[in-house]
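Visitor: Sharing a model that was predicted from the sequence below.
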Amino acid sequence: MTDRKRSIEERLAAHPELRARIEQILALVEDVDDQVNTADEAEERTIEEVRRLGNEILHDWATHKCFQRAQQTLREKPEANSSGKKNSTGTRRSGK
């Protein structure tokens, strides 16, 4: 099943930080705590929430992209497995 055929709930379940940020934005829109009294306060809080959302989106994207690239590299070059033990003991000291 492609991502777009899954429900928004199913898709957000894979991204708990993103889900929490969206819930924060919804709480701001609904003003559940009755703490936003002016348009300036609403604007300030909205900008901060959207900035955080952007950071979390980029973090999730980068993590996903890194995983995809690692999987692609292993498919193309199975010998590139980086979990093997290194045999080098370092560089020999020169001098006396």
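Guide: Happy to help now that I have it. Predicted, not measured: the structure shown is a model, and the values here were computed from it.

Visitor: buried sites along the lengthiest helix in the chain?
Guide: The helix spanning the most residues in the chain, taking DSSP state H as the definition, is helix 39-76. Using 16 or more other C-beta atoms under 10 Å as the test for burial, helix 39-76 gives 45, 49, 53, 56. C-beta: built from backbone N, CA, C; applies to glycine.

Visitor: what would those look like in TSV with pLDDT and distance to Asp33?
Guide: Shown next, in TSV, are the buried residues of helix 39-76 (pLDDT from 0 to 100; distance: C-beta to C-beta, whole Å):
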residue	pLDDT	distance to Asp33
Arg45	92	11
Glu49	93	14
Leu53	95	19
Glu56	92	22
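
Visitor: one step back: mind giving me the packing neighbours of the longest helix of the chain?
Guide: helix 16-30 (3 or more C-beta pairs under 8 Å, 6 or more residues apart in numbering; DSSP states H and E).

Visitor: relative to helix 39-76, how tilted is the helix it packs on?
Guide: 160 degrees (axes from the mean of the first three to the mean of the last three C-alpha atoms, to 10 degrees).
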